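Chemist: From the sequence below, what's the structure:
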Amino acid sequence: MKRLRVGVLYGGRSGEHEVSLASAASVFANLDRTRYEPVPIRIEKDGRWALADKPPTTMIAGEVIEQARLEAARPMREGREVHLVARPSDETILSIDRSAGRNSEVPSAIVTGLALDVIFPMLHGPYGEDGTVQGLLELANVPYVGAGVLASAVGMDKGVMKVLFAARNLPVCPYRVVLHHEWEKEPDKIAAALEKELKFPMFVKPANLGSSVGISKAKDAASLRDAMALAGSFDRKIVIEAAVPDAREIECGVLGNDEPEASVPGEIIPSREFYDYEAKYVDEGSTSVVPADVPKKMADQVRRLSIEAFKAIDGAGMARVDFLLAGDSGLLYLNEVNTIPGFTNISMYSQMWAASGLPYPALLDRLIALAIERHAEKQLLRTDV
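Modeler: Residues are numbered from 1 along each chain as shown. Purely as a prediction, here's the structure:
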């Protein structure tokens, strides 16, 4: 059987560059080499694409971010830049070796085309998970794993996402969206309105970022100003949410295209007051419980709402859906959908599917099959009138 050539796209320009390297390392380690030929395509922090000398290496818990930072700092091999052919072509990417004419008076380069059967984007955050790369892959007419342009963009923008959830009557906690320039013009007025509408404590987040980067818990007016400044340094749009009392963090994995399935739910018990970036990737005290210790009726509700949220954003391939379960009332609130969730073999998404009977290598097989299936269906659509 011919092996499928899988371009694994990782790194990126976002603040989640290091997290992406950790996810991609697990993908490379678990792709069945009898079925796939993985090709490491790394996007540098400055946006350059390169065929990597070698794929990122698997890292253990507690060392993920530090090792990934070292990996991110490793220079790209000279002359190995890559460009995606942004039109239907037998050559998916072009590798350009500029070293050929380095010692010559006449600059020259060797261009090599490479066909890929499918692309596996392991990009977290802006310029990768937000529909930008997905749009480029649509232009190239190449199959790719995960959500399309619309779902990726909506899944990245927490403000727009909540509007769609509300339109589907899905339960969301009270929130408000503030543009950074609005805050800078009238911070006192906006702070007073937020305190009146949402009350302290409240969570402040960049609208378009993941991995809990830039998120703060504001407990008073002073910490609200600090939180708004931090979130505003990452994004022009800021989402402020009322804190759910004594919240438990419940998550669920969704897999599929038009007929998605939901995994068993899991629960995150953070090492800190909430599940921030350090609690996720630096501290070793955070724990996960899979399946989550919740009654069957609650687990069924989580799974049902996860599929509804996935459909609300027109998801495809995969997503991790996050909830907050109020400790005082027992009410369940939909928090967000992550279209490219953390993807190491110890990440919640893969853990929940493993507990549902789908181990990590089989999960990769399923995602690649879904990508090819969705692409084949799109080829049947008419492009003329």
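
Chemist: how about low-confidence regions in the stretch 51-200 of the chain?
Modeler: Filtered on pLDDT under 70, the stretch 51-200 of the chain yields the residue ranges 58-79, 100-108.

Chemist: which residues in it form strands?
Modeler: With strands called from DSSP state E, counting those that start in this stretch, the stretch 51-200 of the chain shows them at 81-84, 93-97, 110-114, 118-122, 175-179.

Chemist: Those: which one's closest to residue 34?
Modeler: The closest of those to residue 34 is strand 118-122. By C-beta to C-beta, the value is 16.4 Å. Backbone N, C-alpha and C define where each C-beta goes, glycine included.

Chemist: looking at the sheet around residue 83, what are its partners?
Modeler: Beta bridges link residue 83 to residue 94, judged by DSSP bridges.

Chemist: What about it, how many residues nearby?
Modeler: Neighbourhood size, residue 83 [other C-beta atoms under 10 Å]: 12.

Chemist: Same check on residue 367?
Modeler: The number of residues packed near residue 367 is 19, by other C-beta under 10 Å.

Chemist: That one touches residue 340, doesn't it?
Modeler: No: counting by C-beta atoms under 8 Å, residue 367 does not reach residue 340; the two are 10.8 Å apart.

Chemist: Residue 290 contacts residue 355, doesn't it?
Modeler: Yes: using C-beta under 8 Å, residue 290 makes contact with residue 355 at a distance of 4.7 Å.

Chemist: how far does the longest helix seen in the chain sit from the chain's center?
Modeler: Looking across the chain with DSSP state H, the single longest helix is helix 360-378. Relative to its chain's centre, helix 360-378 lies at 17 Å (C-alpha atoms, centre = their mean, to the nearest Å).

Chemist: In terms of packing, which of residue 290 and residue 355 has more residues around it?
Modeler: Neighbour count, other C-beta under 10 Å: between residue 290 and residue 355, residue 290 has more, with 20 against 17.

Chemist: so what's the more buried one closest to, chain neighbours aside?
Modeler: residue 266 (4.0 Å; C-beta to C-beta, 6 or more residues apart in numbering).

Chemist: ok, that neighbour - contacts?
Modeler: Residue 266 makes contacts with 250-252, 288-292, 348, 351-352, 355, as judged by C-beta atoms under 8 Å, 6 or more residues apart in numbering.

Chemist: By neighbours, which of these wins?
Modeler: Result: residue 252 is most packed of the contacts of residue 266 (other C-beta under 10 Å), 28 neighbours.

Chemist: Quickly list what that one is bridged to.
Modeler: Beta-bridge partners, per DSSP bridges, of residue 252: residue 321.

Chemist: Also the one 4 residues further on?
Modeler: For residue 256, the beta-bridge assignment (DSSP bridges) gives partners residue 317.

Chemist: could you measure it against residue 369, distance?
Modeler: Distance from residue 256 to residue 369, counting by C-beta to C-beta, to the nearest Å: 11 Å.

Chemist: Compare those two (neighbour count), which wins?
Modeler: residue 256 (18 against 13).

Chemist: Surely the more buried one and residue 370 touch.
Modeler: Yes: counting by C-beta under 8 Å, residue 256 does reach residue 370; the two are 6.8 Å apart.

Chemist: got a list of what the closest residue in space to residue 113 that isn't next to it in sequence touches?
Modeler: Excluding the flanking residues, the one nearest residue 113 by C-beta to C-beta, 6+ apart is residue 91, at 3.1 Å. Each residue near residue 91 by C-beta under 8 Å, 6+ apart is listed here: 85, 113-115.

Chemist: Look up how far residue 19 lies from the nearest residue to residue 195 once chain neighbours are set aside.
Modeler: Spatial nearest neighbour of residue 195, excluding adjacent residues (C-beta to C-beta, 6+ apart): residue 221 at 7.0 Å. The spacing between residue 221 and residue 19, counted by C-beta to C-beta, is 32 Å.
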